[in-house]
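Chemist: after the sequence you'll find the predicted model.
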Amino acid sequence: MNRYVGAIDQGTTSTRFMVFDHTGSVIARHQLEHEQIMPRAGWVEHNPDEIWERTRTVVKTALATADLTAADLAAIGVTNQRETTVVWNRHTGRPYYNAIVWQDTRTDRLIAALDAAGHTDLIRERTGLPPAPYFSGGKLRWILDNVEGVRADAERGDALFGTLDTWLIWNLTGGVRGGVHVTDPTNASRTMLMDLETLRWDDELLRIFDIPRAVLPAIAPSSNPAGFGTTNPDGPFKGAVPIAGVLGDQQAASVGQVCFQPGEAKNTYGTGNFLMLNTGTEIVRSNHGLITTVAYRFGDDKPVYALEGSIAVTGSAVQWLRDQLGVIAGAAQIEDLAGQVADSGGVYFVPAFSGLFAPYWRPDARGAVVGLSRYSNNAHLARATLESIAYQTRDVVEAMQRDSGVRLATLRVDGGVTMNKLAMQIQADLLGVPVSRPVVAETTALGAAYAAGLAVGVWDSTDELLANWHEDVRWFPSWSGEQRERGYRRWHKAVERTLDWAELD
């Protein structure tokens, strides 16, 4: 009994449930995609009820496939797409509106108004974040202002706000019958509403955003045996299991990559790219376009902070080639197609579909393909897509090195795109440092499991987790320095072509 730790990983395109043993090995898993709803340009939504149903299904299926029950689980952790925003009624359990996804740009005018009113410096200083449509506070304000009846319900305490961790925990712990309304500091730190030092909701920020405090969840430590409740026996686990760990997806990946020491960094390649550098218990402010965020807080220990570079579109650019252009029939085909050419033939693709995130923070940018000639073909576009992932990562690495003074020696990587060997070789070539992938590449779920297992004593300390980490493959750079810098200069020229395109009056 209680041999394993489970993890719900609710991501941008899919939800999975995984079960791990003490060595961090995968015992069971199941995954399902959900619909991407795009009602107009720049708007991206998900159906919260569909995500909850997918969660129920992947839990039940994974447990059944491995012949496991709730009694086999010491605890579960939850990790999630961090800024995606849901508001629902506490009495009916029904969302008022679709979840507004982190990629969504509909709040660009609201953010511009905050800047015009002189609030930018306060928000950045208090939260570590530049005001941007990316973060969830603006999305919550949009729902309060634009969906009939929500603000009145919020002021009465009948409406509840949460990111996807909060939505799932509330449902898992009983929903309308006593569900726990809670989040952790890593998710709360992405709202523009939490004080980075106190880890509490900030009254001045709530006033600026005009958000009632009653709508907000409690904030509990990321690894915590008591703060997130237990699963309802009527739910998918068919038993009471402690929910003992919660981490936003990129912080979870950092924990899964055992980046516990200041100066250790990882890069997760998923829908977007997210490079995170542990800065310890010190809050390091960025002067080069990065954000300061909470990496994790385990129990009563001091919070650990990080610098992060968030890139909106990387793996989803591959999906765009597949779904919108039909260049490939499946995401896995891009490696073979891009491998048909030795380089991109001078083609550069800047996938600024939702503006540019770090280190530019330009919501006015839009995607562009430049350098086309009659020589260009679909293989060149495929390779330019893989190169765009690596170039955007280099932009963030350069900013991170300037902010921290730490020169990257090796980049630890994880996420689905790391299965593409050509993409990882291009990454090593463009950075000029080795790229290392662990045996368990999907470290997001593993990090959530680690947070939960630490809380209930499955693992006694982070030293045990360090012993679980093993390298699977390492890519070494093969380009000359001149080749690397020439390509990077042209990348910047391509980025310049994307700016000042969308009008944000």
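Modeler: That came through fine.

Chemist: following the longest helix that the chain contains in sequence, what is the next regular element?
Modeler: In the chain, assigned by DSSP state H, the helix with the most residues is helix 378-404. Of the helices and strands lying after helix 378-404 in sequence (DSSP states H and E), the nearest is strand 411-414.

Chemist: remind me what the helix or strand just after that next one packs against, helices and strands.
Modeler: Using DSSP H and E, the helix or strand that directly follows strand 411-414 along the chain is helix 421-431. Applying 3 or more Cβ pairs under 8 Å, 6 or more residues apart in numbering; DSSP states H and E, we find helix 421-431 packed against helix 333-338, helix 378-404, strand 411-414, strand 435-438, strand 471-475, helix 481-496. Yep, even glycine has a C-beta here, placed from its N, CA and C like the rest.

Chemist: alpha carbons only: can I get the first one in CSV?
Modeler: Right, the one you point to is helix 333-338. C-alpha atoms of helix 333-338 as CSV (Å, rounded to 0.1, in the frame of the first residue of the first chain):
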residue,chain,number,x,y,z
GLN,A,333,7.4,14.3,-39.4
ILE,A,334,9.1,17.6,-39.1
GLU,A,335,12.5,16.1,-38.2
ASP,A,336,12.6,14.0,-41.4
LEU,A,337,11.4,16.9,-43.5
ALA,A,338,13.8,19.5,-42.0
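
Chemist: what's next to the helix or strand following that helix, contact-wise?
Modeler: Next helix or strand after helix 333-338 toward the C-terminus (DSSP H and E): strand 348-350. When contacts are defined by Cβ atoms under 8 Å, 6 or more residues apart in numbering, strand 348-350 is touched by residues 317, 356, 365, 367-371, 381, 384-385, 387-388, 490-491, 493-495, 497-498.

Chemist: ok so, going back, what mean pLDDT does the longest helix of the chain get?
Modeler: Helix 378-404 shows a mean pLDDT of 94.

Chemist: angle of it against helix 421-431?
Modeler: 50 degrees (axes from the mean of the first three to the mean of the last three Cα atoms, to 10 degrees).

Chemist: and helix 378-404, how far from the chain's centre?
Modeler: 18 Å (Cα atoms, centre = their mean, to the nearest Å).

Chemist: what of stretch 218-228?
Modeler: 20 Å.

Chemist: just stretch 493-502 next, same as before
Modeler: 25 Å.

Chemist: show me what counts as buried in stretch 206-220.
Modeler: L206, I208, F209, I211, P212, V215, L216, P217, I219, A220 (16 or more other Cβ atoms under 10 Å).

Chemist: and the closest residue to Y296 other than its chain neighbours, how far is that from E125?
Modeler: Counting by Cβ to Cβ, 6 or more residues apart in numbering, S222 is the residue found nearest to Y296 once chain neighbours are left out, at 4.7 Å. According to Cβ to Cβ, to the nearest Å, S222 stands 23 Å off from E125.

Chemist: now swap in H380 and tell me
Modeler: 45 Å.

Chemist: neighbour count: these two, which is higher?
Modeler: H380 (24 against 11; other Cβ atoms under 10 Å).

Chemist: now the more buried one. Nearest residue, chain neighbours left out?
Modeler: G345 (4.2 Å).

Chemist: look at the one you found and say how many residues are nearby.
Modeler: 17.

Chemist: how near is it to L381?
Modeler: Distance from G345 to L381, by Cβ to Cβ: 9 Å.

Chemist: output the below-cut-off pLDDT ranges for the chain.
Modeler: 1, 504-505 (pLDDT under 70).

Chemist: residue most distant from the centroid, it?
Modeler: R374 (38.3 Å; Cα atoms, centre = their mean).

Chemist: quick check on it: phi, psi?
Modeler: With angles defined as degrees, to the nearest 10, R374 sits at phi -60, psi -20.
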